[in-house]
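Engineer: Kindly return the folded structure for what I paste below:
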Amino acid sequence: MYFAHFLALDFEFLEAALIRLCLLLLALVVTEISGAAELPYTPNNDSVVLERVAEPRLPGTMSLRKLRDAWTDKPAFLPNALAYARAALELNRREEDPRYLGYAEAALSLWLKRQQLPPEVLLLRASLRFARVDYVGAEQDLRLLINSAAPEGHVARISRSSIYISRGDPVAALADCEAAKTHVSRLVASTCSGAARGLAGEATIALADIEDALIANDGTPISTLLRAHALAAELALRLGRVAVARKHFEQALRRMNDASTIDPGLIASYADFLLELNEPRNAQTLLASYERQDSLLLRLTLAERALALAGDATAADAAAGHERRLALRFRDMRARGDLSHLREQALFELDIRSNATVALQLIQTSWAMLREPVDARLYLRAAIAAKQPGAAAPILNWLRKSGLQDARLAAPLAILQVLTTSR
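Structural biologist: Numbering: from 1, shown residues only. Next up is the predicted model:
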C-alpha cells in the first residue's frame with residue numbers, strides 16, 4: 001500500500017486495460033445509482049462559510065502563501081517556482097487534495113511549455129504525472145533523466161525502482177537499485193533493494209538489511225526514515241512477525257509526530273494493521289484527526305463500524321455519516337476523471353457496502369496499474385466474496401511469477417482452493 005508508483009505499458013497491458021476500463025464504467029454506473037440520492041450541499045448565498053482551514057505550512061519552510069507570493073513576484077525565476085511547486089506537491093501527498101497539484105503545475109507552467117525541460121522540472125513533472133495517475137508519462141520522464149548526465153538521474157532510478165515494485169517486477173526494480181546505490185545513502189539503498197527482494201521471496205534478508213541500515217542511520221531525512229520503518233513493518237507482517245511489525249509502526253509514528261509531519265500512507269498501513277488485529281478502538285484513536293484524507297477517513301469508518309457491532313451507538317452514527325461522505329467523494333472523483341483511490345473505493349464497496357461484485361470490478365481496474373501485495377490480498381477477498389474464484393487467475397499467475405512470501409495470503413488462498421474444487 002505504501003509504495004504506489006508507475007510503470008510503462010506494453011501492448012498486452014493496453015489491451016487488458018481497455019477491458020478493465022469497460023468494467024470500471026459499469027462499476028461507476030452502479031456507484032452513481034447507489035449514491036444518486038446523496039446530493040452535494042449547495043449554499044444559498046456566497047457569504048456562507050463552509051470551512052475554516054489553517055494556512056498550509058510545511059515544517060521548516062515558509063507558508064505556502066509566502067512561497068506563492070515569492071513565485072508570483074518573480075514568475076520567471078526558477079528557484080522560486082521550484083520551491084512553491086515542491087511545497088504544493090508535498091501538501092498534496094499529505095492532504096490528498098488535488099488542488100495542490102494545480103498549484104504546482106501553475107508554478108512550472110513557463111518551463112513545461114518548453115521542449116527541453118530543466119532536470120528539476122522534469123523530475124517534478126514525473127511526480128505530477130504520477131499523482132494524476134499518468135504512470136506511462138511519469139516513467140517516460142524518469143527514463144529521460146536516467147539517460148541524461150543530470151545528477152537527478154540517480155533519484156530518478158530510485159523512483160523508477162518503486163514503479164517497478166508497484167507493477168510487480170522485482171527484477172527490474174533491483175537493477176535500478178543496484179545502479180543507484182553508490183550515489184544515495186545507505187538507508188535509501190537498503191530500502192530500495194529491500195522492497196525488491198521482499199517481493200521476490202527474500203523478505204528475511206531484506207528485513208535484516210533495512211534494520212541494520214536504520215541502526216547505522218545518521219541524519220537521514222524524516223521521509224526516508226518513515227518509508228524505511230513502514231517497509232520493515234510490511235516485511236515483518238509478510239513473515240508473520242507481528243510484534244516486530246508493531247515495533248516499526250510505533251517507532252515511525254513517534255518520529256512522524258516529533259517531526260510535526262503527516263504521512264498518510266504510513267498511517268493507513270498502521271490502521272490496517274490495527275484493524276486486522278481487531279483493535280478498532282486504537283485505530284479510531286489513531287485516525288480521529290485525519291478525516292480530510294480520503295484513505296484515512298475510509299479506515300476510520302471501518303473502525304467505527306467494528307465498534308458499532310460491539311454496541312457503540314455513537315460510533316454507529318459516525319460511521320453512517322462518514323459512509324455518506326465517502327460515497328460522495330468517490331463519486332466526485334470519478335465524475336472529474338480522477339482514477340486515484342480505486343483501491344480504497346474497492347475496499348469501501350467490499351467492507352462497507354458489502355457489494356462484492358462492484359469491489360471486484362474496481363480492484364480489477366486498479367490491478368492493471370498497481371500490483372502490490374495489498375492489492376493481491378484485496379483482489380482475492382473480492383473474488384471470494386463475489387463467488388468468482390476464476391477471476392483470481394491474474395493474482396495466482398503473479399504470485400507464481402514474483403515468488404512473493406506473505407503469511408496473510410494463506411487463508412484467502414485456501415478458501416479460493418475450496419471454492420475452485422467445489423465447482
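
Engineer: going forward, measure contacts and count neighbours with C-alpha atoms only.
Structural biologist: Will do.

Engineer: tell me which residues in stretch 356-364 are buried?
Structural biologist: A356, T357, V358, A359, L360, Q361, L362, I363, Q364 (16 or more other Cα atoms under 10 Å).

Engineer: average pLDDT for that stretch?
Structural biologist: The pLDDT scores in stretch 356-364 average 98.

Engineer: again with stretch 329-342
Structural biologist: 91.

Engineer: Adding secondary structure and distance to A175, write the buried residues of stretch 356-364 out as TSV.
Structural biologist: TSV is the format used below for the buried residues of stretch 356-364 (DSSP: H, G, I helix; E, B strand; the rest coil; distance: Cα to Cα, whole Å):
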residue	secondary structure	distance to A175
A356	helix	38
T357	helix	38
V358	helix	37
A359	helix	35
L360	helix	33
Q361	helix	33
L362	helix	31
I363	helix	29
Q364	helix	28
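
Engineer: I'd like the residues you listed written out as TSV, with distance to C177 added.
Structural biologist: Listed next are the buried residues of stretch 356-364 as TSV, based on distance: Cα to Cα, whole Å:
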residue	distance to C177
A356	38
T357	38
V358	37
A359	34
L360	33
Q361	34
L362	31
I363	29
Q364	29
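
Engineer: which one among these gets closest to G265?
Structural biologist: I363 (18.4 Å; Cα to Cα).

Engineer: so what's that closest one up against?
Structural biologist: L342, R343, A346, D375, L378, Y379 (Cα atoms under 8 Å, 6 or more residues apart in numbering).

Engineer: Regarding the second one, which helix or strand does it belong to?
Structural biologist: The one in question is R343. helix 342-351 (DSSP states H and E).

Engineer: Flag every buried residue along that helix.
Structural biologist: Buried residues in helix 342-351 (16+ other Cα under 10 Å): L342, R343, E344, Q345, A346, L347, F348, E349, L350.

Engineer: now stretch 402-415
Structural biologist: Those would be S402, L404, Q405, D406, L409, P412, L413, for stretch 402-415 by 16+ other Cα under 10 Å.

Engineer: so which of those comes closest to L145?
Structural biologist: S402 (27.8 Å).

Engineer: sorry, back to before: what does the helix holding R343 contact?
Structural biologist: By Cα under 8 Å, 6+ apart, helix 342-351 touches 295, 298, 302, 330, 355-356, 358-360, 362-363, 365-366, 375, 378, 382.

Engineer: same question, stretch 405-423
Structural biologist: 198-203, 237-240, 373, 377, 380-381, 384, 387, 389-390.

Engineer: what's the most distant pair in the buried residues of stretch 402-415?
Structural biologist: Among the buried residues of stretch 402-415, S402 and P412 lie farthest apart (Cα to Cα), at 17.9 Å.

Engineer: ok so, going back, tell me the one of the buried residues of stretch 402-415 nearest P394?
Structural biologist: Looking across these and measuring by Cα to Cα, the closest to P394 is S402, at 12.1 Å.

Engineer: how much space is there between that closest one and R125?
Structural biologist: In this view, S402 and R125 are 30 Å apart by Cα to Cα, to the nearest Å.

Engineer: How about D312?
Structural biologist: Taking Cα to Cα, one finds D312 at 47 Å from R125.

Engineer: Looking at these two, which one has more neighbours?
Structural biologist: In terms of neighbours (other Cα atoms under 10 Å), R125 is the more surrounded of D312 and R125; the figures are 22 against 13.

Engineer: Settle this for me: L266 is touching A230, isn't it.
Structural biologist: Yes. Here L266 reaches A230: they are 6.2 Å apart, a contact under Cα atoms under 8 Å.

Engineer: These two: who's more crowded?
Structural biologist: Neighbours were counted for L266 and for A230 using other Cα under 10 Å; A230 has more, 28 against 23.

Engineer: a helix runs through that one, doesn't it?
Structural biologist: Yes. Per DSSP: H, G, I helix; E, B strand; the rest coil, A230 lies within a helix segment.

Engineer: from memory it sits against H248, does it?
Structural biologist: Yes. A230 lies in contact with H248 (Cα under 8 Å); the separation is 6.9 Å.

Engineer: Buried among the contacts of stretch 405-423? Make that a ChimeraX selection.
Structural biologist: Only the buried entries of the contacts of stretch 405-423 go into this ChimeraX selection, using 16+ other Cα under 10 Å:
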select :198,199,200,201,202,203,237,238,239,373,377,380,381,384,389
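
Engineer: From the contacts of stretch 405-423, which land in strands?
Structural biologist: Secondary structure defined by DSSP state E assigns none of the contacts of stretch 405-423 to strands.

Engineer: circling back to that earlier point, same list (the buried residues of stretch 402-415) but as JSON lines, adding distance to Y290, secondary structure and pLDDT.
Structural biologist: Output for the buried residues of stretch 402-415, formatted as JSON lines (distance: Cα to Cα, whole Å; DSSP: H, G, I helix; E, B strand; the rest coil; pLDDT from 0 to 100):
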{"residue": "S402", "distance to Y290": "35", "secondary structure": "helix", "pLDDT": "86"}
{"residue": "L404", "distance to Y290": "32", "secondary structure": "coil", "pLDDT": "91"}
{"residue": "Q405", "distance to Y290": "32", "secondary structure": "coil", "pLDDT": "87"}
{"residue": "D406", "distance to Y290": "29", "secondary structure": "coil", "pLDDT": "94"}
{"residue": "L409", "distance to Y290": "29", "secondary structure": "helix", "pLDDT": "94"}
{"residue": "P412", "distance to Y290": "30", "secondary structure": "helix", "pLDDT": "95"}
{"residue": "L413", "distance to Y290": "33", "secondary structure": "helix", "pLDDT": "94"}
